[in-house]
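Chemist: take a look and give me a structure for this.
(one chain, ligands or ions: 2)
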Amino acid sequence: MRLTRFFLPVLRETPEEARIVSHQLMLRAGMVKQASAGIYSWLPLGYRVLKKIEQIVREEQNRAGAIEVLMPTIQSADLWRQSGRYDDYGKEMLRIKDRHDRDMLYGPTNEELITEIFRDGVKSYKDLPRNLYHIQWKFRDEVRPRFGVMRGREFLMKDAYSFDLTPEESRKSYNRMFVSYLRTFARLGLRSIPMAADTGPIGGDLSHEFIILAETGESQVYCHTDLIETAVPGRDVDFDGDLEPIIKQWTSKYAATDEKHDAARFAADVPADKQVSARGIEVGHIFHFGTKYSEPMGCKVQGPDGKLVAVQMGSYGVGVSRLVGAVIEASHDEAGCVWPVPVAPFEVGLVNLKAGDKDTDAVSGAIYEKLNNAGIDVLYDDTDERAGAKFATMDLIGLPYQIVVGPRGAKSGEVEIKTRKSGAKESLPTDAGIAKLIDLVKKGRDLA
Ligand code: ATP
Ligand code: MG
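Modeler: Ligands and ions are numbered 1, 2, ... in the order given. Here you go, the predicted structure:
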């Protein structure tokens, strides 16, 4: 993409309304624009990141055996009356009337709708287990929308729903999502901490929040250093096999907790040099809730003995749009964003220091073509801005690698490669520079 043809409305000043760094940088880098409180338009740069995150989430859901669907954003209130949640949900739910005066709502979540779909499409235990997910916009009229996309009113969520015959089988479905989440967040360049969470009125012990450690996080968490060091399951993990040993490794008794739970016992039991106390951002939440919806909504299947049984369900959310902010919170510096390669809006920024100059234009154009042909996402700054402004913008938008072409280098056949994260710079013959970049980008794209 040539910058002269792109839409990148960067701001030099930090907008006053933005209190945390991810919100500030997303506005400054022209990634989003607020449309109204807690509601954002995604501008090209931000949208590219959102799409990359969404795709990684999708790939890891698919790998774990979940099947993608797409449910609508607008739902009928009647469905929510069946589960009893229409009255319980409160003011976070945006209620709408259609022209026939029917009660509708903008979905804050989809348990009811998916239960109805599954109920009407499944008959026998032979159709189990299944896990259906979608990646769709949600609306929750949060009391205090804040921190930009981190706590919006309209936000993109991946929500998956598992259906099983027995609680034991349901536990296996839960485990698959648990492991899938560890991999998903790791692929985004994040270290996630699974923390035992409240299951609400249903009880039981099967709920975990996945937390990213960051100073601006809304929750206080305590975790064992092991959780920060344990290796994440590789791509060869067998989702049809026994995942219990992996789950055990990540959920030992005092692995992670918060004020509401075992904070005091954590402090007493975990050796002092193994304790981490930090702020965290919730990026995912998984939940086993048994027959809470299947029972009242009549989502039953015929078991092997011929009797009808309500299916066991779980739900599994990932805050896809929140993750854009969370990645920035976890990876930035004074100059701007520092994108991990897998989610970077472009993988390489090509800077032509003297656009309009015959030599730099020719060299930059050739590099642009070679990188594109190698399948690298390149943003080519072919504008006639001053060098200082170009560097500031590149650092602000935080592309992992920069390749800089100046008039002197264009003559002598050298380019400069800069790694955004370390700031390290290296001058190389042009072709060697291109080859090195391609190699670095390809290595950075994925986990083992
Ligand atoms: P929170 O405690 O942060 O309000 P929640 O428990 O209401 O989250 P869930 O209903 O489990 O969240 O939703 C699944 C995921 O969706 C959350 O883990 C979070 O990442 C994301 N999410 C929830 N609310 C918002 C929001 N208002 N803005 C952006 N993302 C959100
Ligand atoms: Mg909430």
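
Chemist: what's the burial count for residue 281?
Modeler: 28 (other CB atoms under 10 Å). Using the backbone N, CA and C atoms, a C-beta is placed for each residue, glycine as well.

Chemist: separation between it and residue 132?
Modeler: Shown here: residue 281 relative to residue 132, a distance of 27 Å by CB to CB, to the nearest Å.

Chemist: so the residue of the stretch 201-350 of the chain found nearest ligand 1 bridges to which residues?
Modeler: Taking CB to the nearest ligand atom, ligand 1 has its nearest neighbour within the stretch 201-350 of the chain at residue 319, 2.2 Å off. According to DSSP bridges, the partner residues bridging residue 319 are residue 157.

Chemist: tally of neighbours for it?
Modeler: The tally of other residues near residue 319 (other CB under 10 Å) stands at 26.

Chemist: same deal with the one 5 residues further on?
Modeler: For residue 324, the count of nearby residues is 27 (other CB under 10 Å).

Chemist: what do you get for residue 54?
Modeler: Here the neighbour count serves as a burial measure; for residue 54 (other CB under 10 Å) it reads 18.

Chemist: mind checking the SS state of it?
Modeler: With DSSP: H, G, I helix; E, B strand; the rest coil as the basis, the three-state label of residue 54 is helix.

Chemist: wait, it sits on residue 157?
Modeler: No - distance between residue 54 and residue 157: 10.4 Å, which falls outside the contact criterion (CB atoms under 8 Å).

Chemist: intersection of neighbour lists for the two?
Modeler: Residues within reach of residue 54 and of residue 157 at once, by CB atoms under 8 Å, 6 or more residues apart in numbering, are 135, 320.

Chemist: could you look up the SS state of residue 228?
Modeler: helix.

Chemist: what sits against it?
Modeler: By CB under 8 Å, 6+ apart, the residues touching residue 228 are 191, 193, 213, 276.

Chemist: could you report the neighbour count for the residue nearest to residue 14 when sequence neighbours are not counted?
Modeler: Among residues not flanking residue 14 along the chain, residue 24 sits closest, at 5.0 Å (CB to CB, 6 or more residues apart in numbering). Counted with other CB under 10 Å, residues neighbouring residue 24 total 21.

Chemist: mind pulling up the pLDDT for residue 24?
Modeler: In the predicted model, residue 24 carries a pLDDT score of 98.

Chemist: tell me which element it is part of?
Modeler: For residue 24, the enclosing helix or strand under DSSP states H and E is helix 21-28.

Chemist: same check on residue 395?
Modeler: Taking DSSP H and E as the criterion, the element that holds residue 395 is helix 387-397.

Chemist: quick one: that helix to helix 21-28, angle?
Modeler: Put simply, helix 387-397 runs at 130 degrees to helix 21-28, going by axes from the mean of the first three to the mean of the last three CA atoms, to 10 degrees.

Chemist: just after helix 387-397, pick out the following helix or strand.
Modeler: On the C-terminal side of helix 387-397, the closest following helix or strand by DSSP H and E is strand 401-405.

Chemist: same for that next one, what does it pack against?
Modeler: Other helices and strands packing on strand 401-405, by 3 or more CB pairs under 8 Å, 6 or more residues apart in numbering; DSSP states H and E, are strand 348-352, helix 358-373, strand 414-419, helix 430-444.

Chemist: tell me the domain boundaries of the protein?
Modeler: For the chain, the structural domains run 3-337, 346-444, going by automatic domain parsing.

Chemist: which stretches in the protein count as helices?
Modeler: All helices of the chain, identified by DSSP state H, fall at 21-28, 44-63, 77-83, 85-88, 111-121, 167-187, 225-229, 244-250, 263-269, 320-330, 358-373, 387-397, 407-412, 430-444.

Chemist: tell me the helices and strands packed up against the fourth one.
Modeler: Right, helix 85-88. Helix 85-88 packs on helix 77-83, going by 3+ CB pairs under 8 Å, 6+ apart.

Chemist: with just CA atoms, put the helix it packs on into PDB.
Modeler: These are the backbone C-alpha positions of helix 77-83, laid out as PDB (Å, rounded to 0.1, in the frame of the first residue of the first chain):
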ATOM      1  CA  ALA A  77     -37.200 -10.500  22.900                       C
ATOM      2  CA  ASP A  78     -39.500 -13.600  23.000                       C
ATOM      3  CA  LEU A  79     -36.400 -15.800  22.800                       C
ATOM      4  CA  TRP A  80     -35.000 -14.100  25.900                       C
ATOM      5  CA  ARG A  81     -38.400 -14.500  27.700                       C
ATOM      6  CA  GLN A  82     -38.000 -18.300  27.200                       C
ATOM      7  CA  SER A  83     -34.800 -18.300  29.200                       C
END
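
Chemist: and that helix, what does it pack against?
Modeler: In this structure, helix 77-83 packs against helix 85-88, strand 103-106, helix 111-121, with contacts taken as 3+ CB pairs under 8 Å, 6+ apart.

Chemist: and of those, who's closest to ligand 1?
Modeler: With distances scored as CB to the nearest ligand atom, the stretch of these nearest to ligand 1 is helix 111-121 (10.2 Å).

Chemist: ok, back up a step: so the residue of the stretch 201-350 of the chain closest to ligand 1 touches residue 284, yeah?
Modeler: Yes - in this structure, residue 319 sits in contact with residue 284. The criterion is CB under 8 Å, and the distance is 6.9 Å.

Chemist: which residues touch the closest residue to residue 169 other than its chain neighbours?
Modeler: Taking CB to CB, 6+ apart as the measure, residue 169 lies nearest to residue 129, with 5.8 Å between them; neighbours along the chain are not counted. The neighbourhood of residue 129, defined by CB under 8 Å, 6+ apart, consists of 162, 163, 164, 165, 169, 170, 172, 173.

Chemist: can you name the two of the residues you listed that are farthest apart?
Modeler: Maximum pairwise distance among these (CB to CB): 12.3 Å, between 163 and 172.

Chemist: show me which of the two is the more surrounded one.
Modeler: Neighbours were tallied for residue 163 and for residue 172 using other CB under 10 Å; the higher tally belongs to residue 163 (25 against 17).

Chemist: what's the more buried one in contact with, if anything?
Modeler: For residue 163, the contact set (CB under 8 Å, 6+ apart) comprises 118, 122, 128, 129, 130, 131, 132, 294, 299, 311, 312, 313.

Chemist: by neighbours, which of the residues you listed wins?
Modeler: Among the contacts of residue 163, the one with the most neighbours (other CB under 10 Å) is residue 311, at 28 neighbours.

Chemist: so which elements touch the longest strand anywhere in the chain?
Modeler: Under DSSP state E, the strand in the chain containing the largest number of residues is strand 275-290. Judged by 3+ CB pairs under 8 Å, 6+ apart, strand 275-290 is in contact with helix 167-187, strand 192-196, strand 207-213, strand 219-224, helix 225-229, strand 312-319, helix 320-330.

Chemist: does any bit of it sit next to ligand 1?
Modeler: Yes - Strand 275-290 lies within reach of ligand 1 by CB under 6 Å from any ligand atom, at 282, 283, 284, 285.

Chemist: how about stretch 259-270?
Modeler: No - with CB under 6 Å from any ligand atom as the measure, stretch 259-270 is seen stopping short of ligand 1, the closest distance being 11.9 Å.
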